[in-house]
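Fold the stuff below for me.
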Amino acid sequence: MENQNKGLDKNQIIGFVLIAAIMGVFGWWQSINAPDEPIVPVVEESQESVSESELVVQEKLAIDSTADENSNGFLSEEFIVENNDLKLTFSTKGARMVSAQVKDYQTYDSLPLYLVNENQTMDLILPGAESLNQKEFVIDSRTSSGVVLSDGATKVRITLPENGFDFSWVVSGRAAASGKPELFWERTAKRTEKGISNERIYSTYSYKVSEDGDIENMSGRGGDDSEALGAVDWLAQKQHFFSFIAHPEAGFSEVQAATVNGGDEDESIVKKFSSTATLNATVDGSYTLPFTFYIGPNHYQTLKDYDQGYEKVINFGWGIFGWIGRGVVVPIFNWLEGYGLGYGLIILIMVLIIKGAMSPLTFASYRSMAKMRVLKPQLDEMNKKFGEKDAVAKQQAQMALYKEAGVNPLGGCIPVIVQMPILIAMFRFFPASIELRGESFLWATDLSTYDALISWDQHIPLISTFYGNHISIFTLLMTASTILYTRMNQQMTAGTGSSEQMKQMQIIMYVMPLMFMFVLNSYPAGLTYYYFLSNIVTFSMQWGIRKSVNDEAILAKIEAKKAQPKSEKKKSKFQARLEEMQRQQNLNRSQRRK
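Alright, predicted model coming up:
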């Protein structure tokens, strides 16, 4: 601008004079109202400057310090202890944790992720009813790895490693009486994920049973619960993707824990945790009580590296389902992840690996269904001949036909039975995988939650209650592919029952995918994307097998086998079992007639 003022105008000069006058009056007012004895600051040891990668320990005055000022003139302070993964804020009033931020993670709405933020009470009750939260500490010393607090009789040492989500919390001193200390722990878990209903379902207490070392979860599945847990080594307040674990060195001899679910009126609250845990240690006079705390992600390998069983807070299911999840799915997923591939591609490759491993069973299943298909005309003749009146004779004739043709009528069910544990393991794996959190693929912005390409705010009766206020496209694709796969299977499978039975079965087979569409609409997009790909790959494999299998050639082989002398025919184990069952039925029938 040509007329820009290069100096100070009159208004600016007057403003600076007024500011100087106000500051002078304010300084004079402070000097006449200052206390008689100045507050003596804590003498600190000189510290060398540290690099950014080293642990940083800072101290700051509480924003509202007057709230904790008592008649003795005690003024609480807040100080920060942080490393590369955690940022913890404590108060000198009771060595209380004020906040805990998990770095490098955000909430679903892109805010800093705090597991503790003025929403927790943790108090160590010592014998003689001494409460740690009532003690008034000062900072006794500090180093590049932690802080020591002291009130003259009790000390609290807080130590963090340079990296990691765990920290050491050691309380020492002299107890006023003999007994076992208690840890009272209460926390309101705040929402961190997009799907609040699923976050509530997966949030619960997990704990390691001292007697057998098993990792258990409190029941309730997202609802209210209260249980006496007995003796445990450690106790975890687990949310969907993050956990806060308390692990005293001596363990807990007894724990009473409770959870209260958040209500629909406030979707910012996931669950309220509360517990009273008695330490498995008796103090008498001088004592030292070491604790280790973990505040961080439910990442399988990260938790497993602590070698305390923490990784089992990630619930992959019981029995064979959990074994497949931890022993098969997780290693394959981690192996593919190591190549730096996108998660959409990783899920596709996992489908191809699992389907490839199952392909021999899939081919055998199709051949079995093809044999049943070419035998269908003969089975239809038997149905007409015997009808429903002579079911026993019809069954005997069918078994004889299967025996002559060398057909196992249950052969098509074997792959389904074998794949069922894998399907259930995947059902547990994807909702528990923090690796998918925040990862996008195609239209899904976060594979760890539902892909709401279409959503609405209005509550629609029944639809909003049972389906939700969004439409998951991957769930629709999964449903459509399942119906297509069902139709193809029905075309390939011969009906051996009555026409009425077949109609009922067909209705059920088509209704099931529609039911799952309602159930899985709010489940992770990674899961429904996996099921969709699994259907497409299975459909493609069966289409290719069908094109390569000749029904006339199969029928010719069956007729040739039927023409063989009985002495040359080998009985399969299944046929032997059928004959034994038939023999036992005939024997029972004869005995009833007598």
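
what packs against the longest helix belonging to the chain?
Longest helix in the chain by number of residues (criterion: DSSP state H): helix 343-374. Packed against helix 343-374 by the contact rule (3 or more C-beta pairs under 8 Å, 6 or more residues apart in numbering; DSSP states H and E) you find helix 330-337, helix 414-432, helix 473-492, helix 525-548, helix 551-563. For every residue, glycine as well, the C-beta is placed using N, CA and C.

Those: which one's closest to residue 392?
Closest of the helices and strands packed on helix 343-374 to residue 392 is helix 551-563, at 22.8 Å (criterion: C-beta to C-beta).

Let me have the helices and strands packed on helix 343-374 in a markdown table, adding mean neighbour count and distance to residue 126 as columns.
Converted to a markdown table, the helices and strands packed on helix 343-374 look like this (neighbours: other C-beta atoms under 10 Å; distance: least, C-beta to C-beta, whole Å):
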| stretch | mean neighbour count | distance to residue 126 |
| --- | --- | --- |
| helix 330-337 | 15 | 42 |
| helix 414-432 | 18 | 38 |
| helix 473-492 | 18 | 54 |
| helix 525-548 | 19 | 47 |
| helix 551-563 | 13 | 80 |
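
For residue 239, find the nearest of the ones you listed.
Across the helices and strands packed on helix 343-374, closest to residue 239 is helix 414-432 (C-beta to C-beta), at 11.8 Å.

average pLDDT for the helix or strand following that closest one?
Downstream of helix 414-432, the first helix or strand assigned by DSSP states H and E is strand 452-455. Averaged across strand 452-455, pLDDT comes to 80.

And the contacts of strand 452-455?
With C-beta atoms under 8 Å, 6 or more residues apart in numbering as the test, strand 452-455 has contacts from 443, 469-473.

that older thread, what angle do the longest helix of the chain and helix 525-548 make?
40 degrees (axes from the mean of the first three to the mean of the last three C-alpha atoms, to 10 degrees).

Of the contacts of strand 452-455, which is the most crowded?
Highest neighbour count within the contacts of strand 452-455: residue 472, with 28 neighbours (other C-beta atoms under 10 Å).

That one pairs with what?
residue 452 (DSSP bridges).

want to throw the helices and strands packed on helix 343-374 into a markdown table with mean pLDDT and distance to residue 245?
Shown next, in a markdown table, are the helices and strands packed on helix 343-374 (pLDDT from 0 to 100; distance: least, C-beta to C-beta, whole Å):
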| stretch | mean pLDDT | distance to residue 245 |
| --- | --- | --- |
| helix 330-337 | 93 | 20 |
| helix 414-432 | 84 | 16 |
| helix 473-492 | 83 | 33 |
| helix 525-548 | 86 | 26 |
| helix 551-563 | 66 | 59 |
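
The ones you listed: which one's closest to residue 197?
helix 414-432 (11.7 Å).

quick one: low-confidence ranges for the stretch 201-350 of the chain?
Scanning the stretch 201-350 of the chain for pLDDT under 70 picks out 220-223.

Let me see the ranges of the strands in it.
Secondary structure of the stretch 201-350 of the chain (DSSP state E, counting those that start in this stretch): strands located at 204-209, 215-217, 225-228, 232-238, 242-248, 252-261, 269-279, 286-297.

count of residues packed around the nearest residue to residue 165 once chain neighbours are set aside?
Once flanking residues are discounted, residue 165 sits nearest to residue 296: 2.8 Å by C-beta to C-beta, 6 or more residues apart in numbering. Using other C-beta under 10 Å, residue 296 is surrounded by 23 other residues.

Dig out what residue 296 forms beta bridges with.
Following DSSP bridges, residue 296 is listed with bridge partners residue 243.

ok so, going back, which stretch among the strands of the stretch 201-350 of the chain comes nearest residue 380?
Taking the strands of the stretch 201-350 of the chain one by one with C-beta to C-beta, strand 215-217 is closest: 52.1 Å.

Distance from the closest one to the middle of the chain?
Put simply, strand 215-217 sits 13 Å off its chain's centre (C-alpha atoms, centre = their mean, to the nearest Å).

Describe which strands it pairs with in its sheet and in which direction.
Here, using DSSP bridges, strand 215-217 pairs with strand 204-209 (antiparallel).

got the angle for the strand it pairs with vs strand 232-238?
Using the same axes, to 10 degrees, strand 204-209 lies at 160 degrees relative to strand 232-238.

check which helix or strand covers residue 81.
strand 77-82.

Between the contacts of strand 452-455, which sits nearest residue 129?
Comparing the contacts of strand 452-455 against residue 129 with C-beta to C-beta places residue 469 closest, at 50.7 Å.

how close does the closest one sit to residue 197?
Distance of residue 469 to residue 197, given as C-beta to C-beta, to the nearest Å: 12 Å.

Same question for residue 310.
26 Å.

Would you mind telling me which of these two has more residues around it?
Using other C-beta under 10 Å as the criterion, residue 310 and residue 197 rank with residue 310 on top: 25 against 12.
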